[in-house]
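Participant: A structural model of the following input is requested.
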Amino acid sequence: MIHENLDFAIHRWTGLKETAVSDRLDDIVVLFYALFGAAALFLGRRNLVRFVTVRRLVASGFALAFMMIGLDILTNRRDIATDIDLHSWLSVAEDTLKVAAETLFLIAVRRCWIIVKS
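Facilitator: Model prediction:
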């Protein structure tokens, strides 16, 4: 994924020393992806009236995605979650939330497809 090594590229291009904040730039990019997606859906909400039955799936998907991003920021380095066991469990929770959010989004898309075809 493009964002995964963005922080390394920025450090290389600018010559800046890696810090706890700059090391999390790739996580902030993912946050902007989610905010952009939510904003696009909000701005186009009048066109989505037909798909009101999938609103809960999409909202739940975004809730899980934002929780995943929070855990991603926490587990990016071991400066916040310093305990190795806690860090490992939070990393597992992050990946679980990611898969769950993606699943909800895919189910929502499939339900929209069914609505369009009916």
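Participant: tell me the phi and psi of residue 20?
Facilitator: phi -60, psi -30 (degrees, to the nearest 10).
Participant: my guess is it meets residue 77, correct?
Facilitator: Yes - the criterion here is Cβ atoms under 8 Å, and residue 20 meets it with residue 77 at 6.3 Å. C-betas here are computed from N, CA, C, even on glycine.
Participant: Neighbour count: these two, which is higher?
Facilitator: Shown here are residue 20 and residue 77; by other Cβ atoms under 10 Å, residue 77 has more neighbours (14 against 10).
Participant: So for that one, what's the pLDDT?
Facilitator: Listed pLDDT for residue 77 reads 70.
Participant: same check, this time on residue 47
Facilitator: 87.
Participant: Please apply the same query to residue 72.
Facilitator: Predicted confidence (pLDDT) for residue 72: 89.
Participant: quick one: it and residue 30 touch, right?
Facilitator: Yes - at 6.7 Å, residue 72 counts as touching residue 30 under the criterion of Cβ under 8 Å.
Participant: Quick check: buried residues in stretch 16-30?
Facilitator: 23, 24, 25, 26, 27, 28, 30 (16 or more other Cβ atoms under 10 Å).
Participant: Quick check: the second one touching residue 74?
Facilitator: No - checked against Cβ under 8 Å, the pair residue 24 and residue 74 is beyond contact range at 9.6 Å.
Participant: On the three-state scheme, the residue nearest the centre of the chain is what?
Facilitator: Most central in the chain under Cα atoms, centre = their mean is residue 65, positioned 4.3 Å from the mean C-alpha point. Three-state assignment for residue 65 (DSSP: H, G, I helix; E, B strand; the rest coil): helix.
Participant: No more questions from me, cheers.
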